[in-house]
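Enquirer: Got a sequence here, can you model it:
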Amino acid sequence: MARENLPHLRVLGKVSAISLILLLISLTIFAGAVGAEEEAVVMVEGFAYEVKEYPGVRGPGKIWYQYPEGSIYKFEIVYTDEGYVYKIITSYRALSLYGFGHPHLYDASGNYIGPKYYEFKVRMMLESGWGGILVRVQKGSDGEPRELGSYLAAFDGNTEGGCFSLRKLGFESETECSPNIKYGKWYYVSLRFERGNRIIARMWGNGVDLTLTLVDDDPPPPGGFGIRIVWDASKREYGIIHVDAAWLTVITPEAETVTTTITEEVTATKTTTMKETTTVTETVEVGAEATVTETETVTEAAEVQTTTVTESITETITKTETATAPAETITETVTETATVVEQPRCLIATAAFGSELAPQVQALREFRDGFIMKTFAGRNFMTAFNAFYYSWSPYVARAEYENPMLRGVIRSSIYPLLFILDLSKYAAEPFSAIPELAALVSGLASSSLIGLIYLAPPILTIWLILRLRGRRAAVRLRYPAMALALGLMFFAIAELFESSTMMMVSSSMIVLSSMALAAMLPTRILQGKKAS
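Expert: Numbers count the residues shown, from 1 in each chain. Sure, this is the predicted structure:
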């Protein structure tokens, strides 16, 4: 009886070993994510909510707070070719603020407690009117938003092109126009508030890349951020805007890299003060002779040096102190170090195609940001994946810049990946009503196709070489299949308990095991034919 059970025990042992290896790999990736420097990036929730209108102040997911101005307005979630989209329509003006009552941005009294320095980025499309993003919005005593002193980055568009502007409300604006700014096109728009009261607005995508900068000597206090849409008064058309994703990048001041040169000009002034001693003459008579003693006049000089020190950072500070050094000029450089974390970049693809604005790079980014990052499962998988990917991708990107041949090879290898991602999105569309399931289906489809296209050929080649040399090489699918089943079980548990740690582990196991299954499948089919 024991011998009959031995083969089953061996199979169980192999399955356990493979599962353990995949689990260890997943945990290693997770450990890298936890051990790495914490990214100060908050993903503002996407828009995969129930498709309906949200007429009240509280908008989709009770996160976006809506403030219409005008008799006709509509806030709703619609499903388009771009996926779920937050659509705002107004006959005058409308404002939608993120987290205006959220505890991580405002306290119980309504005071803003969010980040002081940040970048707010939104992916948006205008149908008509004039719209963009608004930052530094305050909350009034009545709970309504106060926009005075806020900053607005907005654009319009028509068949001949449009303009992008940055302004502090109530003041003059900086504007730049481009024939590529049009209605019906998707763009990224960001507003960044940095130390030194620098406000940077950027608009990019679909042939547009504009940057406007403003330095405000009298900035408003920190505040929230949101979306602003205004109707077209000249044509008396509604203002209509579509938004499908938004991000908040927190800039940590004590970690921001800033190099400041402090120049100290030291001027020494020598002042001589004369001290005069009075001459005293004393005469003593001794007999007929007289002895005269004279005291000479002695002059002493005391030196006092006055040094003026001028320090220049963003302002000039003058100090006066006493010193004995000669006149000289001292230059000192002070470096304060901090980390400004931005949304992760596609380093290898950017190096391959030469620009972050290349259509291929944008397609990869939009798949990640506009689809995967909108789900709990997707965000946690990307956390684990980023820790692994960014541990080695900078070196590959550097090699690409130095080697044109390598860059060409990698560029060619990325095209199948773009095709794979498109297919995985189509595979997930029937499940779009359940975003987490759609993300799982997309992950299974994409990882399987990656294994089939990128990994299966070398595995099959190695197997054929071994067979030609008369060596035995057996490929068994049941082990990665059982590991995939285990990953799916962990996935369900992670979704049930909303466990980020387990989701990182389970999603990594699912991706690795499905890639292994697809990579080994052609070899297994050929192996079966050879056996028969």
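Enquirer: Where do the strands of the stretch 1-150 of the chain begin and end?
Expert: Taking DSSP state E, counting those that start in this stretch as the test, the strands found in the stretch 1-150 of the chain are 41-44, 64-69, 73-80, 83-90, 93-98, 118-128, 130-139, 145-146.
Enquirer: Report the distance from the longest one to the chain centre.
Expert: Remark: strand 118-128 is offset 15 Å from the chain centroid, using CA atoms, centre = their mean, to the nearest Å.
Enquirer: Domain boundaries for the protein, per the record?
Expert: Domains of the chain are assigned by automatic domain parsing as 43-255, 259-336, 347-531.
Enquirer: Could you save those domains as JSON lines and add columns showing mean neighbour count and mean pLDDT?
Expert: Every residue, glycine included, has its C-beta placed from N, CA and C. As requested, the domains of the chain are exported to JSON lines (neighbours: other CB atoms under 10 Å; pLDDT from 0 to 100):
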{"stretch": "domain 43-255", "mean neighbour count": "18", "mean pLDDT": "87"}
{"stretch": "domain 259-336", "mean neighbour count": "10", "mean pLDDT": "41"}
{"stretch": "domain 347-531", "mean neighbour count": "17", "mean pLDDT": "83"}
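Enquirer: residues in contact with R368?
Expert: For R368, the contacting residues are M382, by CB atoms under 8 Å, 6 or more residues apart in numbering.
Enquirer: Check the gap between it and F381 for me.
Expert: Computed as CB to CB, to the nearest Å, the R368 to F381 distance reads 10 Å.
Enquirer: what are the ranges of the helices in the chain?
Expert: 2-35, 347-353, 359-370, 376-389, 393-402, 404-428, 435-450, 456-468, 478-497, 500-531 (DSSP state H).
Enquirer: For L210, find the nearest of the ones you listed.
Expert: helix 359-370 (16.1 Å; CB to CB).
Enquirer: I'd like the distance from the closest one to the chain centre, please.
Expert: 14 Å.
Enquirer: can I have it written out in CSV, keeping just the CAs?
Expert: The C-alpha trace of helix 359-370 is given here as CSV (Å, rounded to 0.1, in the frame of the first residue of the first chain):
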residue,chain,number,x,y,z
PRO,A,359,2.7,56.6,-29.4
GLN,A,360,4.0,53.2,-28.4
VAL,A,361,5.1,54.4,-25.0
GLN,A,362,1.8,56.2,-24.5
ALA,A,363,-0.1,53.0,-25.3
LEU,A,364,1.9,51.1,-22.6
ARG,A,365,1.3,53.9,-20.1
GLU,A,366,-2.4,54.1,-20.9
PHE,A,367,-2.9,50.4,-20.5
ARG,A,368,-1.2,50.6,-17.1
ASP,A,369,-2.8,53.8,-15.8
GLY,A,370,-6.1,53.8,-17.6
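Enquirer: Would you reformat the helices of the chain as JSON lines and include distance to Y238?
Expert: Shown next, in JSON lines, are the helices of the chain (distance: least, CB to CB, whole Å):
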{"stretch": "helix 2-35", "distance to Y238": "45"}
{"stretch": "helix 347-353", "distance to Y238": "38"}
{"stretch": "helix 359-370", "distance to Y238": "25"}
{"stretch": "helix 376-389", "distance to Y238": "34"}
{"stretch": "helix 393-402", "distance to Y238": "45"}
{"stretch": "helix 404-428", "distance to Y238": "31"}
{"stretch": "helix 435-450", "distance to Y238": "29"}
{"stretch": "helix 456-468", "distance to Y238": "53"}
{"stretch": "helix 478-497", "distance to Y238": "40"}
{"stretch": "helix 500-531", "distance to Y238": "41"}
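Enquirer: So which of those is nearest G205?
Expert: Here helix 359-370 is closest among the helices of the chain (CB to CB), at 6.7 Å.
Enquirer: tilt between the closest one and helix 404-428?
Expert: Computed by axes from the mean of the first three to the mean of the last three CA atoms, to 10 degrees, the angle separating helix 359-370 from helix 404-428 equals 40 degrees.
Enquirer: Next, the angle helix 376-389 makes with helix 359-370.
Expert: Orientation note: helix 359-370 sits at an angle of 130 degrees relative to helix 376-389 (the same axes, to 10 degrees).
Enquirer: coming back round to it: I453: which of the strands of the stretch 1-150 of the chain is closest?
Expert: Going by CB to CB, the one of the strands of the stretch 1-150 of the chain nearest I453 is strand 83-90, 24.9 Å.
Enquirer: S446 versus M504, what's the distance?
Expert: Using CB to CB, M504 is found at 18 Å from S446.
Enquirer: Columns distance to D216 on top of the strands of the stretch 1-150 of the chain, output as a markdown table?
Expert: Listed next are the strands of the stretch 1-150 of the chain as a markdown table, based on distance: least, CB to CB, whole Å:
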| stretch | distance to D216 |
| --- | --- |
| strand 41-44 | 24 |
| strand 64-69 | 24 |
| strand 73-80 | 31 |
| strand 83-90 | 28 |
| strand 93-98 | 21 |
| strand 118-128 | 16 |
| strand 130-139 | 10 |
| strand 145-146 | 17 |
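Enquirer: So for V250, which of those strands sits nearest?
Expert: Closest among the strands of the stretch 1-150 of the chain, once you apply CB to CB, is strand 118-128, at 5.2 Å.
Enquirer: so what's V208 closest to, chain neighbours aside?
Expert: Computed as CB to CB, 6 or more residues apart in numbering, the closest residue to V208 that is not its neighbour in sequence is N180, at 4.7 Å.
Enquirer: Next up, the contacts around that neighbour.
Expert: 161, 206-208.
Enquirer: Between the residues you listed, which sits nearest M509?
Expert: For the contacts of N180, the nearest to M509 is N206 (38.1 Å; CB to CB).
Enquirer: Am I right that the closest one is in contact with Y187?
Expert: Yes: counting by CB atoms under 8 Å, Y187 is a contact partner of N206 at 6.3 Å.
Enquirer: which residues are common contacts for these two?
Expert: With CB under 8 Å, 6+ apart as the test, N206 and Y187 reach no residue in common.
Enquirer: how about K52, phi and psi?
Expert: phi -170, psi 170 (degrees, to the nearest 10).
Enquirer: separation between it and P60?
Expert: Per CB to CB, K52 is found 9 Å from P60.
Enquirer: shared neighbours of the two, which are they?
Expert: Joint contacts of K52 and P60 (CB under 8 Å, 6+ apart) are I77.
Enquirer: who does E119 bridge with?
Expert: Residues in a beta bridge with E119, per DSSP bridges, are R192, T249.
Enquirer: so who does it touch?
Expert: E119 touches 190-193, 248-249, 251, 342, counting by CB under 8 Å, 6+ apart.
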